[in-house]
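[1] Here is my input; please provide its structure:
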Amino acid sequence: MKQYLISPKTKQYRANLHAHSTFSDGKLSPEELKRAYRAQGYSILAVTDHEHPKSHFELSDPDFLMLTGYEAYIRTNASARFDRYEPEVHLNLFARDPHNETMICFNESYVKYIDDPAERANLRRVGSERPREYSVSYINEFIRTAAAHGYLVSYNHPVWSLEDEETILSYENIFSLEICNYSALRQNGEEFSCALYDKMLRRRMRVFCHAGDDNHNKQPLDCPRSDSFGAFTMILSDSLSYDSVISAMERGEMYASSGPLIHEISLEDGVVHIECSPSKRIILHTGSKAPKFEIAPKGQTVSSADLKLDPIAPYLRVMVIDEEGGIATSRGFFRSEFLA
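    Model prediction:
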């Protein structure tokens with residue numbers, strides 16, 4: 001019997017899960033961001049301002065959803081000073097409740113964008129407020145605190161952050177890896193962090209993957225240097241309601257892309273069937289040195305593939321590469337999921 005890992009019958013909603021507004025260091029207001037992304041065919045936007053938990057749920061419409069969250073960070077120095085040669089950690093916190101504006105582990109050095117005294121006074125603060133410490137133990141404590149207070153926590157832009165892979169692999173309770181960050185990609189040319197993600201999967205870490213723009217909009221939207229509309233997440237949700245979308249994210253019903261779309265991943269009689277937008281290559285990763293793949297003849301494209309699954313594969317992950325070099329990748333599906 002055919003088993004669907006991505007069903008063609010499930011609605012897919014295009015989302016940007018990483019954006020900055022005038023509530024931190026972005027140049028566009030949340031209202032302007034909503035208009036810009038809606039005009040480009042998006043249905044979901046998370047405004048994740050630096051150290052500024054803020055709900056913009058009231059801007060949602062029946063055909064456009066605003067997710068609540070913010071971006072927290074930990075640096076190697078107590079003053080939180082930016083050092084372009086030192087590693088640091090950035091985490092996006094996505095609220096399960098659209099009205100959750102809780103600040104995790106408040107620290108004065110980091111909170112630069114909450115200027116209103118009344119907002120500061122009324123800010124709900126939880127967790128330790130001791131100076132932030134760049135250590136695995138402190139960061140895991142921070143993540144645990146965020147998860148306990150209603151947030152899904154993602155690890156952002158691993159290439160930009162300059163952390164050693166072994167350090168990243170030591171973090172616990174991360175729900176998803178930002179496998180592509182478009183703002184960083186524009187600067188450093190590093191696309192998808194697939195090697196890191198496969199290491200997570202080979203270690204049986206149940207971590208999903210997504211992509212985001214991390215846009216600040218310091219350049220006009222039509223400028224070649226614009227940091228908008230370059231990396232996105234397709235969320236497979238029953239509806240565009242807040243609860244449905246957050247639940248889909250928490251279950252990993254999403255995939256990351258900088259261009260291609262994945263319409264179907266199904267498994268039957270040991271064969272993985274993939275349907276996608278016209279592309280140059282379709283690859284089935286399983287943690288092996290020799291992934292299976294389909295490649296289009298020169299001047300042509302492929303939009304489907306049937307690839308035999310190694311019977312001892314610990315997981316599977318589908319990657320699609322289009323003619324423009326855009327990449328889409330599913331999350332990793334473990335044997336317990338596709339052999340259930």
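
[2] CA only for contacts and neighbour counts going forward, please
    OK.

[3] and the lengthiest helix in the chain, what other elements does it pack with?
    Among the segments of the chain that qualify as a helix by DSSP state H, the longest is helix 136-148. Contacts defined by 3 or more CA pairs under 8 Å, 6 or more residues apart in numbering; DSSP states H and E place helix 136-148 against strand 103-104, strand 151-155.

[4] between the longest one and helix 136-148, how many degrees?
    Spelled out, that is strand 151-155. Per axes from the mean of the first three to the mean of the last three CA atoms, to 10 degrees, the angle that strand 151-155 makes with helix 136-148 is 140 degrees.

[5] Let me see the ranges of the helices in the stretch 201-340 of the chain.
    242-251, 335-338 (DSSP state H, counting those that start in this stretch).

[6] what's the most buried one of these?
    helix 242-251 (a mean of 17; mean count of other CA atoms under 10 Å).

[7] now this protein, which segments are flagged as low pLDDT?
    In the predicted model of the chain, residues 340 satisfy pLDDT under 70.

[8] what's the distance between the residue nearest the centre of it and Phe82?
    Nearest to the mean C-alpha position of the chain, by CA atoms, centre = their mean, lies His210 at 3.2 Å. Relative to Phe82, His210 is positioned 26 Å away (criterion: CA to CA, to the nearest Å).

[9] cool, and Asp322?
    Taken as CA to CA, the span from Asp322 to Phe82 is 36 Å.

[10] And the two? Which one has more around it.
    Taking neighbours as other CA atoms under 10 Å, Asp322 and Phe82 compare with Asp322 leading, 22 against 12.

[11] Hmm, Ile283 and that one touching each other?
    No - between Asp322 and Ile283 there is no contact under CA atoms under 8 Å: 11.7 Å.

[12] Find the residues that touch each one of these two.
    Common contacts of Asp322 and Ile283 (CA atoms under 8 Å, 6 or more residues apart in numbering): none found.

[13] ok, Ala290 - how many residues close by?
    If you count neighbours by other CA under 10 Å, Ala290 ends up with 9.

[14] and Arg35, that one's in a strand?
    No - with DSSP: H, G, I helix; E, B strand; the rest coil as the criterion, Arg35 is located in helix rather than a strand.

[15] got the contact list for the closest residue to Leu201 other than its chain neighbours?
    In space, and not counting its chain neighbours, Leu201 is closest to Gly332: 6.7 Å by CA to CA, 6 or more residues apart in numbering. Shown in contact with Gly332 (CA under 8 Å, 6+ apart): Leu201, Val207, Phe208, Tyr315, Leu316, Arg317.

[16] wait, isn't the first one in contact with Tyr315?
    Pointing back at Leu201 there. Yes - using CA under 8 Å, Leu201 is in contact with Tyr315, at 7.4 Å.

[17] Could you pull out the buried residues of stretch 208-215?
    Phe208, Cys209, His210, Ala211, Gly212, Asp213, Asp214, Asn215 (16 or more other CA atoms under 10 Å).

[18] before we move on, the earlier item: what's the residue nearest to Leu201 sitting at in phi/psi?
    phi -80, psi 130 (degrees, to the nearest 10).

[19] For it, give its distance to Met200.
    Taking CA to CA, one finds Gly332 at 9 Å from Met200.

[20] shared neighbours, those two?
    With CA under 8 Å, 6+ apart, Gly332 and Met200 have common neighbours Val207.
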